[in-house]
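Colleague: my questions concern the predicted model and sequence given below.
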Amino acid sequence: MNLLVLAAETENPLVPPIPELVIGLIAFVIVFGFLAKKLLPNINKVLEERREQIEGGIEKAEAAQTEAQSVLEQYKAQLAEARHEAARLRQEALEQGTALKEELRAEGQRQREEIIAAGHAQIEADRKAASQALRQDVGKLATDLAGKLVGESLEDAARQSRTIDRFLSELEEKAEAAR
């Protein structure tokens, strides 16, 4: 027993025996070689595919973002153009409205002046007609009155017309002088 105890004391329990270490190392190399030949290429292949998918997704996202930015800029430009066009149309409509208003105002003014002129012409025509009718009535009355005063008929038309015209001319001159 001494031997066993002595042998056990000389062996370090943390250091494995050499034959086990060699067999463990050979087994490790075989497993590592198997993993390196079969599993590692598959793992690398899967990792490469995932990297490509991620990079492709990033590129697609960047392309989509660039396209979206481009479309946004186009929409902004179209919106600005539409606003500009609306402002131009609004200004044009305002100018047309102002021109139409001025045209209608001028047309109204012209029609008013025509109506006033027609009214003045009608008044002048009515005044002349009334004056003519009054002249005839006054002449007739004056001739009848003069005929009654003189006692004879003053039916001579030419003499009657001259007398009436002279009488009315004198009345008009007195009326003009009085103004």
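Modeller: That came through, no problem. Everything numeric here is computed off the predicted structure, so don't read it as measured data.
Colleague: per-residue confidence for Glu124?
Modeller: Looking at Glu124, its pLDDT reads 88.
Colleague: mind telling me what element it is part of?
Modeller: Secondary structure assignment for Glu124, by DSSP states H and E: helix 40-150.
Colleague: which is the next helix or strand following that helix?
Modeller: By DSSP H and E, the next helix or strand past helix 40-150 is helix 157-178.
Colleague: return the distance of that following helix from the chain's centre.
Modeller: 74 Å (C-alpha atoms, centre = their mean, to the nearest Å).
Colleague: pLDDT weak spots in the chain?
Modeller: 1-11, 146-147, 149-161, 179 (pLDDT under 70).
Colleague: where's the most centrally placed residue in the chain relative to Lys60, distance?
Modeller: For the chain, the residue nearest the mean C-alpha position is Ala86 (2.8 Å; C-alpha atoms, centre = their mean). Using C-beta to C-beta, to the nearest Å, Ala86 is found at 38 Å from Lys60. Where C-beta positions appear, they are placed from N, C-alpha and C, glycine not excepted.
Colleague: count of residues packed around Ala142?
Modeller: 16 (other C-beta atoms under 10 Å).
Colleague: quick check, it in contact with Arg166.
Modeller: No: between Ala142 and Arg166 no contact is recorded; they are 10.7 Å apart, counting by C-beta atoms under 8 Å.
Colleague: ok, now how distant is the residue nearest to the centre of the chain from Thr98?
Modeller: 19 Å.
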